[in-house]
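Asker: coords please:
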Amino acid sequence: MADRLSFAILGGYGQLGRAVAALLLDRGADRVTIAGRSSEKAGKAAMDLAGGDRAGRVVSERADADDGDALGSLLSNHDVVIHAAPLDSVASGTMCEALARVGGRLVLVSHDPDAVAGLQAARPRLEQAGAKVIVDAGADPGLPGLVGHLAAETHGAAERVELSARYRAAEVGRAGLADILDGATDATWIYADGWRRAGLFEVRRLAWPGGLGASLAMPVYLPELDALRHRHRFRRLALWHGGLNGPADMVVSMRRVLGRMFPRDVGLAALKATMRFANPPPYGLGISAIAAGRGRQTEVLLSHSDVYAATAEIAAWCAEDLVRELHPAPSVRVAFELLCDGDAKNGLQELGFDLMFR
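Answerer: Now for the predicted structure:
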């Protein structure tokens, strides 16, 4: 529980940031600071969240992700900072510098390979400053590796794992759309006795758990997949990521085939249009993992009706565990590693996820 703890959420007035803030307040957080580059938006979000018994426990503060002094202040004055804002190369560097200067605890929800690489490279300085960081702390990424772990653990002798995941929401922010578009060209990898780039037309059409229908899916790479592979020593590992909707599948496919010849801004505008005009329900997330080896297989299915609520649950889980950590741990960890340390099966079910083994 978050009682008597202080949190700051950078990007706290976005849809995800609000969901995390509301969850931490309901769990008894002593103080939650909604931070972002717009004072007006941060203040409005704080007012919206401050009703009932939350009064006096939620405040706002202007803090730009590119401002090292502001980020250092948040890290110094709160038990945990949850970074739910979009990242770019400048913000990633600023984040590393602030952590190396003042220490503190940070949960990074936004997935950014460059930011993760920068944090890994800065490990000696972070260790010296006493900083602790958990990356990929959300539903996507965050949960696919955990579902793969549960499948492998249940199987007991798995040699390969095939993961598939689809996330659908009524709205997706620009950062999320950018991740989807960039993943079409930058993150298409499969592990088969070594990581190899997936073929241009290496896609599948899959049906998804949780009533999410069917869509195209392409293989993507996430840092948690390496942690999963090292933990279980698979010979093959792949994560097939599903599309938002039919028109979005077409946009992503064009980006995948044309690469940089398909302008990024055009792709983002097209994805935004599909979300506005061609994105009917149902919404939610569905993840499956099939672990196979020695002539048998085990499948795990995980679903949740609300992507943002699911992401907030994982982010809060990581933040609460990080601040109460009583044993030595690396300065930078993937959320998957932390989530696997506890009773993940019961933990997920207690957080409102539907979990099935077969």
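Asker: what about Phe357, how many neighbours?
Answerer: 11 (other C-beta atoms under 10 Å). (Each C-beta comes from the backbone N, C-alpha and C, glycine too.)
Asker: got it, and Ser89?
Answerer: The burial count for Ser89: 11, using other C-beta under 10 Å.
Asker: Just give the nearest non-adjacent residue to it, would you?
Answerer: Asp114 (6.1 Å; C-beta to C-beta, 6 or more residues apart in numbering).
Asker: residues in contact with whichever strand or helix holds that neighbour?
Answerer: According to DSSP states H and E, Asp114 maps onto helix 113-121. With contact meaning C-beta atoms under 8 Å, 6 or more residues apart in numbering, helix 113-121 is reached by 87, 89, 91-93, 95-96, 99, 108, 126, 133, 135-136, 186-187, 223, 332.
Asker: In helices, which of these fall?
Answerer: Ser89, Ala91, Ser92, Gly93, Met95, Cys96, Leu99, Leu126, Asp186, Pro223 (DSSP state H).
Asker: Return the member of those nearest to Leu23.
Answerer: Nearest to Leu23 among the ones in helices among the contacts of helix 113-121 is Met95, at 22.9 Å by C-beta to C-beta.
Asker: one step back: of the ones in helices among the contacts of helix 113-121, keep whichever come out buried.
Answerer: With burial judged by 16 or more other C-beta atoms under 10 Å, the buried subset of the ones in helices among the contacts of helix 113-121 is Ala91, Ser92, Gly93, Met95, Cys96, Leu99, Leu126, Pro223.
Asker: Lowest-confidence entry in these?
Answerer: The lowest pLDDT within these belongs to Pro223, with 77.
Asker: where's that residue relative to Arg27, distance?
Answerer: Pro223 is 27 Å from Arg27, where distance means C-beta to C-beta, to the nearest Å.
Asker: any idea of the pLDDT on the nearest residue to Ala46 once chain neighbours are set aside?
Answerer: Distances taken as C-beta to C-beta, 6+ apart place Ser60 nearest to Ala46, at 4.0 Å, with adjacent residues excluded. Per-residue confidence (pLDDT) for Ser60: 93.
Asker: Provide the secondary structure category for Ser60.
Answerer: strand (DSSP: H, G, I helix; E, B strand; the rest coil).
Asker: for Leu271, same thing?
Answerer: Applying three-state DSSP: Leu271 is helix.
Asker: how many other residues sit next to the residue nearest to it when sequence neighbours are not counted?
Answerer: Excluding the flanking residues, the one nearest Leu271 by C-beta to C-beta, 6+ apart is Leu177, at 4.6 Å. Neighbourhood size, Leu177 [other C-beta under 10 Å]: 21.
Asker: Met275 is in contact with Leu177, correct?
Answerer: Yes. In this structure, Leu177 is within contact of Met275 by C-beta atoms under 8 Å, at 7.5 Å.
Asker: quick one: Leu177 is in a strand?
Answerer: No. Assessed with three-state DSSP, Leu177 is helix; it does not lie in a strand.
Asker: what's near enough to touch it?
Answerer: Per C-beta under 8 Å, 6+ apart, neighbours of Leu177: Leu268, Leu271, Lys272, Met275.
Asker: From Asn77, how far off is Leu87?
Answerer: 22 Å.
Asker: Let's check: the centremost residue of the protein is which one?
Answerer: Gly138 (3.2 Å; C-alpha atoms, centre = their mean).
Asker: export stretch 46-66 as PDB, just CAs?
Answerer: This file holds the C-alpha atoms of stretch 46-66, laid out as PDB (Å, rounded to 0.1, in the frame of the first residue of the first chain):
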ATOM      1  CA  ALA A  46      -4.900  18.200  -9.400                       C
ATOM      2  CA  MET A  47      -8.300  20.000  -8.800                       C
ATOM      3  CA  ASP A  48     -10.100  17.200 -10.600                       C
ATOM      4  CA  LEU A  49      -8.400  14.500  -8.500                       C
ATOM      5  CA  ALA A  50      -8.800  16.400  -5.200                       C
ATOM      6  CA  GLY A  51     -12.400  15.500  -4.300                       C
ATOM      7  CA  GLY A  52     -13.600  13.800  -1.200                       C
ATOM      8  CA  ASP A  53     -10.900  12.300   1.200                       C
ATOM      9  CA  ARG A  54      -8.200  13.200  -1.300                       C
ATOM     10  CA  ALA A  55      -8.400  16.900  -0.400                       C
ATOM     11  CA  GLY A  56      -5.000  18.300   0.600                       C
ATOM     12  CA  ARG A  57      -3.100  15.300  -0.600                       C
ATOM     13  CA  VAL A  58      -2.800  16.200  -4.300                       C
ATOM     14  CA  VAL A  59      -0.900  19.300  -5.500                       C
ATOM     15  CA  SER A  60       0.500  20.500  -8.800                       C
ATOM     16  CA  GLU A  61       3.900  21.700  -9.900                       C
ATOM     17  CA  ARG A  62       5.500  22.900 -13.200                       C
ATOM     18  CA  ALA A  63       8.300  20.600 -14.200                       C
ATOM     19  CA  ASP A  64       9.600  20.200 -17.700                       C
ATOM     20  CA  ALA A  65      11.200  16.800 -18.500                       C
ATOM     21  CA  ASP A  66      14.100  18.700 -20.200                       C
END
